[in-house]
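Engineer: Quick check, what structure comes out for this input:
(one chain, ligands or ions: 3)
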Amino acid sequence: MSDKAPPRARTRLYLITPPQIGDVQAFGKSLEDALRAGDVASLQLRLKGQDGMIDMQATRNVGRAVIAMAQEAGVAVLINDSAELAQELGADGVHVGWDDMPVKTARKLLGPDAIIGATAKNSYHRAMQAGEDGADYVAFGAFYPTATKEGTVPAELELLEVWQAAMLVPCVAIGGITVANAAPLVTAGADFLAVSSGVWNHEEGPAAAVRAFNAIFDELAP
Ligand SMILES: Cc1ncc(COP(=O)(O)OP(=O)(O)O)c(N)n1
Ligand SMILES: Cc1nc(C(=O)O)sc1CCOP(=O)(O)O
Ligand SMILES: [Mg+2]
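Structural biologist: Numbering: from 1, shown residues only. Ligands and ions are numbered 1, 2, ... in the order given. Have a look, this model is predicted:
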């Protein structure tokens with residue numbers, strides 16, 4: 001038996017919805033095209049009101065339109081902030097931040113098979129705690145400036161390097177990621193890149209963005 005750590009897996013894309021969606025049908029079509037364009041590991045429904053809090057009704061509307069389609073395409077669907085809503089909508093899991101439900105509580109509610117992700121911002125300590133509490137991944141960020149979320153803190157590549165070398169819990173990189181700035185995060189050890197505007201606002205459209213991210217992952221695959 002070998003005591004060597006298993007080889008690192010190829011980095012994968014973790015899509016995050018725009019915070020507001022005006023036309024749910026048009027978004028559904030755009031998402032379907034994006035999911036057909038290349039590998040996408042997961043999709044987070046992150047619908048926010050003007051106050052930055054989860055928009056429950058928008059999440060329900062978008063969820064009913066896209067969750068089954070994404071799951072049929074092999075994409076795990078997570079709901080931002082609300083484990084209860086994840087349960088109600090039949091999603092695969094929830095992403096929780098520092099001010100949201102604790103990881104342990106979400107696990108109790110959703111059970112052992114649910115995917116529970118946790119925000120670590122730029123804190124290795126918070127990430128360790130989330131891993132100990134049973135998170136399936138930890139998310140470091142923000143690696144680049146972003147207009148999608150207020151109040152982010154800058155994160156350094158070294159967090160990914162150190163985490164990848166020492167820990168088995170997968171790490172996600174988030175914050176202002178585009179096809180133009182993704183490569184260093186892949187090389188540093190991110191298991192997943194979580195991307196919102198870098199996909200939905202790509203100049204050639206979301207499907208082209210998914211293709212371009214996957215080309216980067218292929219090129220830099222370990
Ligand atoms: C994959 C991923 N990472 C981090 C976050 C941020 O979560 P949080 O700090 O709770 O902030 P909001 O997204 O709720 O504004 C995330 N959503 N997804
Ligand atoms: C939701 C979120 N959380 C962040 C964090 O640093 O924890 S940054 C961020 C915004 C992600 O969207 P975009 O890809 O458009 O920058
Ligand atoms: Mg949150």
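Engineer: Now stretch 100-110: average pLDDT?
Structural biologist: Here stretch 100-110 scores 98 as its mean pLDDT.
Engineer: ugh, wrong one, stretch 203-210
Structural biologist: Averaging pLDDT along stretch 203-210 yields 98.
Engineer: secondary structure class for residue 57?
Structural biologist: Of the three states, residue 57 takes helix under DSSP: H, G, I helix; E, B strand; the rest coil.
Engineer: What's the local residue count around it?
Structural biologist: Residue crowding around residue 57 was assessed by other C-beta atoms under 10 Å; the count is 10. Backbone N, C-alpha and C define where each C-beta goes, glycine included.
Engineer: What separation do you get for it and residue 63?
Structural biologist: Spatial separation of residue 57 from residue 63 under the definition C-beta to C-beta, to the nearest Å is 10 Å.
Engineer: Can you get me a residue count around the residue of the chain found nearest ligand 1?
Structural biologist: With distances taken as C-beta to the nearest ligand atom, the chain approaches ligand 1 most closely at residue 97, which sits 1.9 Å away. Other residues lying near residue 97 total 15 when counted by other C-beta under 10 Å.
Engineer: Spatially nearest residue to it (excluding sequence neighbours)?
Structural biologist: In this structure, residue 97 finds its nearest non-sequential neighbour in residue 119, 4.1 Å apart by C-beta to C-beta, 6 or more residues apart in numbering.
Engineer: and that neighbour, that's in a strand?
Structural biologist: Yes. When three-state DSSP is applied, residue 119 is found to be in a strand.
Engineer: That one contacts residue 101, correct?
Structural biologist: No. Using C-beta atoms under 8 Å, residue 119 is not in contact with residue 101, being 11.9 Å away.
Engineer: got the residues of the protein near ligand 2?
Structural biologist: 16, 119, 121, 141-142, 146, 148-149, 152, 174-177, 195-198 (C-beta under 6 Å from any ligand atom).
Engineer: Please list the members of the residues you listed that lie in strands.
Structural biologist: Secondary structure assignment (DSSP state E) places 16, 119, 121, 141, 174, 195 from those within strands.
Engineer: Which of the residues you listed sits closest to ligand 2?
Structural biologist: For these, the residue nearest ligand 2 by C-beta to the nearest ligand atom is residue 141; the value is 3.0 Å.
Engineer: What's the per-residue pLDDT of whatever residue of the chain ends up closest to ligand 3 here?
Structural biologist: With C-beta to the ion, the shortest gap between the chain and ligand 3 falls at residue 97, namely 3.3 Å. The per-residue pLDDT reported for residue 97 equals 98.
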